[in-house]
Structures are given as structure tokens and as C-alpha cells.
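J.: fold the following.
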Amino acid sequence: MTIRKAVIPAAGLGTRFLPATKSTPKEMLPVVDKPAIQYVVEEAVAAGLDDVLMITGRSKRTLADHFDSVPELESALEAKGDTTRLAEVRRSTELANVHFVRQGQPKGLGHAVLCAKQHVGDEPFAVLLGDDLIDERDELLTVMLALQEKTGGSVIALLEVEPDQVHLYGCAAVEPYPDAGDPDQVRVTGLVEKPDAADAPSNLAVIGRYVLNPAVFGVLETTGPGRGGEIQLTDALATLASMSPQDGGGVYGVVFRGRRYDTGDRLDYLKAVVRIAADRPDLGPDLRAWLTEYVATLT
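T.: Now for the predicted structure:
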């Protein structure tokens, strides 16, 4: 079955970016000249996922507005002959079929994914978190989709992190998966949400890309609150890892070694903006020259 649906949880309050996110969703914070959420949708579409469901909450109307048409703005740009900006404005509208559903209460990532059950139905689907931006030049989601189609299970993205960073992530216990023919594609045997370094089964952290078997919905419906009192997707994945393939179980991992930008932390957000802008042909040369001069003034 060709996977066409992507789910993007976007109901978080963005408290780390207050007061900027008091009335603006954190997903709409600009990364150079596009909101972070648009990069995520573009990644999904590039991988062939043209049906996108966003799980939102209160004060998130601007997400829907961004992916809607704005006739007045488009007419003004057209009248001015500003075809470049007109194309950019229309691009966000024409990217994909974008749908929205509200997560009534902030019960965690697992609950947010469960909110997608009716829309997704009985087919595999991808989950992309808006805090993680994957550089468009690096392949990840397409590899995960192919592995899911091959195995029929669920696939998570993994990243090697320093031991003192493990407590910030879900952490995976893995074993080789020889059938993949790629040492960076592994079988996941267990998962722990934000363990202490001494208790972590590895230094492989789960990052915000998943391709899930629809059996995850049944598991989430019986998964109680975990760490932080929330329904954790990591806990449901740990259950899936112990289930038989006939029941939709089995979890696999793809170790990502490309460029990832974390926009969920203020400092990392600033780094992401600089790194992305520095690589752009229209901004990069002048920005890199200025950065070189500026860094030389720091003591």
C-alpha cells in the first residue's frame, strides 16, 4: 500500500518562546522567510505524502490561514507585477491537501497521534514533528517509507547523541537488521522515554519522524499516562516492538546522519536560522562575509 498521509502534531503551547508565542503559534515562527511548519509540509510532499493532517489546539488559527488562499494579497502582488512573491504566497496554498483537527486537551504526543485515527483509517502513515527540520538535501523520510513498506511494521528515526543529552529524548535499544542491507537500518527491541544516562540502552535518540503501522491506534487507546503524566508515543512504540508482525507489531529504526535543525529550543532555533540562511544562494555569501567579520570582533 502506497503511503499518502502525514500527520503533524501542532497543538503545543510553545512556552519556551514566550512572549513571542503568546498569540503566535510556535510553528509559525519564521525560519528565514518561511514559517517552520511550511518546511515540514514541504518535506512530506517531497516524499509523496500529499494528504496532511495537522493536530492543533486553541490559538492556532493562523496555521490554517497560512495554508489558505489570500485573494486580497495575491491581487495586490499581481497588480504590482511581483511574480516572485506571488508564487511564494501561492505555493503554501497549493502544497498539499491540508486538513485540521483539534486536540481538545494537551494529553501528550501519543494522544495527539490518536486524534488522527478517524482521518488515517486502516493504513500506514507518517508523523512529522514541527520542532525537527530535516535538510531537504538529506534523505530520511523516503528511506523510512521504503523500510515500512518492506517490513510492514513501524519505523522511527534515530540520531546518535552525546550521553549527557540522552535524557532529553526517547531512547532506543536496537539490534542489527541484516535483511535491510544497510547498517544504519536496525530492528528496535525496546524504547525508554527520557532515561537517565546510566539507564539508557544506547545513545540512539528518537527524533521527530515516524512511519507507523495503524495498529498503533489500538495500542494508544490502551496506553495509560506515562512520563510527565502524558500519553507517550514512545510507550506505545515499545508495546509495538514486542508484538508479532501478524498483529501489526515490529519496530525498526533508521539512523540519520544528515543535517537536522532543532527549532524547539531558543538557542538551537537561532542556530537553525543562521545555518539555513548561510546555505542559501541569495543570502549566504553576504551573511557568511558578515559573520566572519562579526565573529572576529568577539572576545
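J.: around E293, how many other residues sit close by?
T.: By the criterion of other C-beta atoms under 10 Å, E293 has 9 neighbours. C-beta here means a position set from N, CA and C on the backbone, and glycine is covered the same way.
J.: and it, how far is that from R275?
T.: From E293 across to R275, the span is 18 Å (C-beta to C-beta, to the nearest Å).
J.: one more: D286?
T.: 15 Å.
J.: just A36 next, same as before
T.: From A36 to R275 the distance is 14 Å (C-beta to C-beta).
J.: the two - which one has more neighbours?
T.: More crowded of A36 and R275, by other C-beta under 10 Å: A36, with 24 against 13.
J.: can you pull the contacts of that one?
T.: K26, E27, M28, L29, P30, G130, D131, L133, T263 (C-beta atoms under 8 Å, 6 or more residues apart in numbering).
J.: which among the residues you listed end up buried?
T.: K26, E27, M28, L29, G130, D131, L133, T263 (16 or more other C-beta atoms under 10 Å).
J.: where do the helices sit along the stretch 51-200 of the chain?
T.: Taking DSSP state H, counting those that start in this stretch to define them, one finds helices in the stretch 51-200 of the chain at 61-66, 71-80, 83-94, 109-114, 117-120, 141-151.
J.: who are the packing partners of the first one?
T.: So that's helix 61-66. Packing partners of helix 61-66 (3 or more C-beta pairs under 8 Å, 6 or more residues apart in numbering; DSSP states H and E): helix 36-46, strand 51-56, strand 97-102.
J.: can I get the ones you listed in a markdown table including distance to G81 and mean pLDDT?
T.: Formatted as a markdown table, the helices and strands packed on helix 61-66 follow (distance: least, C-beta to C-beta, whole Å; pLDDT from 0 to 100):
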| stretch | distance to G81 | mean pLDDT |
| --- | --- | --- |
| helix 36-46 | 24 | 96 |
| strand 51-56 | 32 | 95 |
| strand 97-102 | 29 | 93 |
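J.: what's the closest of these to T84?
T.: helix 36-46 (16.6 Å; C-beta to C-beta).
J.: how about the closest one: buried residues?
T.: Buried, per 16+ other C-beta under 10 Å, within helix 36-46: A36, I37, Q38, Y39, V40, V41, E42, E43, A44, V45.
J.: distance of the closest residue to the fourth one other than its chain neighbours from T2?
T.: In space, Y39 comes closest to L133 once its chain neighbours are excluded; the distance is 5.0 Å by C-beta to C-beta, 6 or more residues apart in numbering. Distance check for L133 against T2: by C-beta to C-beta, it reads 25 Å.
J.: again, but for C171
T.: Distance from C171 to T2, by C-beta to C-beta: 32 Å.
J.: quick one, which of these two is more surrounded?
T.: Neighbour count, other C-beta under 10 Å: between C171 and T2, C171 has more, with 25 against 9.
J.: the more buried one pairs with what?
T.: Residues in a beta bridge with C171, per DSSP bridges, are V192, A205.
J.: hmm, back to that, mind putting the helices and strands packed on helix 61-66 into JSON lines with distance to V206?
T.: Shown next, in JSON lines, are the helices and strands packed on helix 61-66 (distance: least, C-beta to C-beta, whole Å):
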{"stretch": "helix 36-46", "distance to V206": "17"}
{"stretch": "strand 51-56", "distance to V206": "18"}
{"stretch": "strand 97-102", "distance to V206": "24"}
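J.: G81: which of the contacts of A36 is nearest?
T.: P30 (25.0 Å).
J.: contact partners for the closest one?
T.: Applying C-beta under 8 Å, 6+ apart, the residues near P30 are A36.
J.: ok, back up a step: in JSON lines, list the buried ones among the contacts of A36 along with pLDDT.
T.: Converted to JSON lines, the buried ones among the contacts of A36 look like this (pLDDT from 0 to 100):
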{"residue": "K26", "pLDDT": "90"}
{"residue": "E27", "pLDDT": "92"}
{"residue": "M28", "pLDDT": "92"}
{"residue": "L29", "pLDDT": "93"}
{"residue": "G130", "pLDDT": "87"}
{"residue": "D131", "pLDDT": "87"}
{"residue": "L133", "pLDDT": "94"}
{"residue": "T263", "pLDDT": "90"}
